[in-house]
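Novice: here is my input; please provide its structure:
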Amino acid sequence: MREWELIAYGNCEHTIPEDHASSLVKVAKTSLFAGAGGEGVLEHRRKHLRARGVVGVIAAPGCQLEILPKIDAMGENGVSDETLRRRLVHMLAVARDIRIDAQNSTSLGWQRDTLLEILIRLFCRKMMEAVRQGIPRRYIDHEDDLSALRGRLDMTRQFSTLAAQPQKLACRFDELSPDIALNQVMKATITKLVRFSTSADNQRSLRELSFAYADITDVPPNALRWEMITLDRTNKRWRELLSLAQLLLGSKYQTTSTGQSGGHALLFEMNTLFEEYILRVLKRALTGTGRKVTSQGGHKSCLFEDGTGRFRTRPDIIVKEGSDVVLIIDTKWKRMTPRIDDPKQGVSQSDVYQLMAYSQLYQCNRVMLLYPHHQGLPSEPICKPYDIASPTGTDRLFVSTVDVGGGHSSVAAALVATVQKSLERSYEMTG
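Specialist: Reported below is the predicted structural model:
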């Protein structure tokens, strides 16, 4: 199914079994995205389930539910699941700095496999290539009581713990070992994916990788020492694999969870992913232009109490020229409605108030609400300006859209054009 769509359950030919629906809901409720009411991923109604703005795969015993995002390019009708999977994976790749070359892209099984199996296959292929070049090793400090001196003598331990055993020497030495934090993360990812994957070729690849990591310590995902991982010129080829491991084990806009009934979920919140994708594309596109893009910055407070700031703000994207904030962008993964259906086109009043506050706090006279374009809107992307507070003022709020259904180069060009248009001082209100 696709986000915000319904899937019926019951005993009819075109419904899923009720016990499957209940199992899927039980697993969905284990997700961090489920929220206080437990329905942030799936709404459980009397005759149907309704997906929300979270996509990915929910698996329960005997069934899997794949939720895909609505990413349609301008002029498209009836976009296939294969196309949606491609677009979602490429958005994830941009957001996580993961390279997908042409060879990998054409053989990832977009049509026959779910999003989960595609990501597992991508991980396995990159892992196989990296392992063939050698698993990274580092010198690790060891302490051992030996019959001959190795390294240096630990005087404190020698004359305390080993005082009654003069035949032993308290040695401290460095040993080159593969049992390091980076490899423990990779093994934890492999171990977890072995339980998730139902694809025969993925299972075969994961078993081979498990054999290669047999001597690495098993560490549960919640105990992995991410802070101990250092990437340098000797192991930089593992950077993409580390991003994929974070993606599959859990990250800020994605969650993996395991249900009590043996199910599991790999889910992504589209609103956060859309923000990260736009940020990365825009940051790259504006490199060398004199404009700098930052994310979740600012942190200015709306109110102050005895000198202490309250209600701290965090705009999604800030565009600067030097030290000046010239544009603030708030991304919204929502489908704008055509004007004929809604004079406000689905734009939330609270979102408008929020951007007006940003304009005041950051002394920025250009703010923007950015939505994904879709086929229900006019053929060209929207960049509609509104005067803030006064019809003759200079501060403007732009309601804009970007077509994320195209290639990254076209998305980048469209974003640059939209930013440039919003910053033009002589922008016509009829534009």
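Novice: only C-alpha atoms from now on, for both contacts and neighbour counts.
Specialist: OK.
Novice: next up, phi/psi of residue 300, please.
Specialist: Backbone geometry at residue 300, expressed as degrees, to the nearest 10, gives phi -80, psi 150.
Novice: surely it meets residue 313?
Specialist: Yes: using CA atoms under 8 Å, residue 300 is in contact with residue 313, at 5.5 Å.
Novice: and residue 273, what pLDDT?
Specialist: Residue 273 carries a pLDDT score of 93 in this model.
Novice: tell me the SS of it?
Specialist: helix (DSSP: H, G, I helix; E, B strand; the rest coil).
Novice: do the same with residue 380
Specialist: coil.
Novice: residue contacts, the residue nearest to it when sequence neighbours are not counted?
Specialist: Setting aside the residues directly before and after it, residue 380 is nearest to residue 74 in space (CA to CA, 6 or more residues apart in numbering), at 7.8 Å. The contact partners of residue 74, by CA atoms under 8 Å, 6 or more residues apart in numbering, come to 373, 374, 375, 379, 380, 403, 405.
Novice: the residues you listed, buried ones only, as a PyMOL selection?
Specialist: A single PyMOL command selects the buried members of these (16 or more other CA atoms under 10 Å):
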select buried, resi 373+374+375+403+405
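Novice: let's have the contacts of residue 74 in TSV, adding distance to residue 239.
Specialist: Below are these laid out as TSV (distance: CA to CA, whole Å):
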residue	distance to residue 239
373	32
374	34
375	37
379	39
380	38
403	29
405	27
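Novice: strands of the stretch 51-200 of the chain, residue ranges please.
Specialist: 54-60, 63-67, 138-146, 152-153, 169-177 (DSSP state E, counting those that start in this stretch).
Novice: quick check: which of these is buried the most?
Specialist: strand 54-60 (a mean of 24; mean count of other CA atoms under 10 Å).
Novice: pull the CA atoms of it into PDB?
Specialist: Presented in PDB, the C-alpha positions along strand 54-60 are these (Å, rounded to 0.1, in the frame of the first residue of the first chain):
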ATOM      1  CA  VAL A  54       5.600   6.600   7.700                       C
ATOM      2  CA  VAL A  55       6.900   4.200   5.000                       C
ATOM      3  CA  GLY A  56       8.900   1.000   5.000                       C
ATOM      4  CA  VAL A  57       8.200  -2.600   5.800                       C
ATOM      5  CA  ILE A  58       6.300  -4.200   8.700                       C
ATOM      6  CA  ALA A  59       6.700  -8.000   8.900                       C
ATOM      7  CA  ALA A  60       4.700 -10.300  11.200                       C
END
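Novice: hey, which helix is longest across this protein?
Specialist: helix 115-132 (DSSP state H).
Novice: distance of the spatially closest residue to residue 1 that is not a sequence neighbour relative to residue 214?
Specialist: The spatial neighbour of residue 1 that comes closest, neighbours along the chain excluded (CA to CA, 6+ apart), is residue 67 at 5.1 Å. Distance, residue 67 to residue 214, using CA to CA, to the nearest Å: 35 Å.
Novice: pLDDT on stretch 92-112, on average?
Specialist: 77.
Novice: CA-only coordinates of that stretch in CSV, if you can.
Specialist: C-alpha atoms of stretch 92-112 as CSV (Å, rounded to 0.1, in the frame of the first residue of the first chain):
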residue,chain,number,x,y,z
LEU,A,92,17.7,7.7,1.3
ALA,A,93,21.1,7.4,-0.5
VAL,A,94,21.4,11.2,-0.8
ALA,A,95,20.4,11.8,2.8
ARG,A,96,22.9,9.3,4.0
ASP,A,97,25.7,9.9,1.5
ILE,A,98,25.5,6.4,0.1
ARG,A,99,26.6,6.0,-3.5
ILE,A,100,24.5,3.8,-5.8
ASP,A,101,26.3,3.3,-9.1
ALA,A,102,24.6,2.3,-12.4
GLN,A,103,25.6,-1.3,-12.1
ASN,A,104,24.2,-1.7,-8.6
SER,A,105,21.1,0.2,-9.5
THR,A,106,20.0,-2.0,-12.4
SER,A,107,20.3,-5.3,-10.5
LEU,A,108,18.9,-4.6,-7.1
GLY,A,109,15.5,-6.3,-7.7
TRP,A,110,13.3,-3.2,-7.8
GLN,A,111,10.3,-5.0,-9.2
ARG,A,112,10.4,-8.4,-7.4
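Novice: and that stretch, how far from the chain's centre?
Specialist: Relative to its chain's centre, stretch 92-112 lies at 15 Å (CA atoms, centre = their mean, to the nearest Å).
Novice: who touches stretch 403-419?
Specialist: 71-74, 87, 281-282, 285-286, 327, 372-374, 381, 383, 400, 402.
Novice: buried stuff in it?
Specialist: 403, 404, 405, 408, 411, 412, 414, 415, 416, 418, 419.
Novice: then the helix or strand that contains the last one to PDB, C-alphas only?
Specialist: In this case it means residue 419. Using DSSP states H and E, residue 419 falls within helix 408-423. Output in PDB follows, covering the C-alpha atoms of helix 408-423 (Å, rounded to 0.1, in the frame of the first residue of the first chain):
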ATOM      1  CA  HIS A 408      18.800  14.600  -8.500                       C
ATOM      2  CA  SER A 409      20.300  17.000 -11.000                       C
ATOM      3  CA  SER A 410      16.800  18.300 -12.000                       C
ATOM      4  CA  VAL A 411      15.900  18.600  -8.300                       C
ATOM      5  CA  ALA A 412      19.000  20.500  -7.600                       C
ATOM      6  CA  ALA A 413      18.400  22.900 -10.500                       C
ATOM      7  CA  ALA A 414      14.800  23.400  -9.400                       C
ATOM      8  CA  LEU A 415      15.800  24.200  -5.800                       C
ATOM      9  CA  VAL A 416      18.500  26.700  -6.900                       C
ATOM     10  CA  ALA A 417      16.000  28.400  -9.200                       C
ATOM     11  CA  THR A 418      13.400  28.600  -6.500                       C
ATOM     12  CA  VAL A 419      15.900  30.000  -4.000                       C
ATOM     13  CA  GLN A 420      17.100  32.600  -6.500                       C
ATOM     14  CA  LYS A 421      13.600  33.600  -7.400                       C
ATOM     15  CA  SER A 422      12.600  34.100  -3.700                       C
ATOM     16  CA  LEU A 423      15.700  36.300  -3.100                       C
END
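Novice: where does the stretch 101-250 of the chain have low pLDDT?
Specialist: 102-107 (pLDDT under 70).
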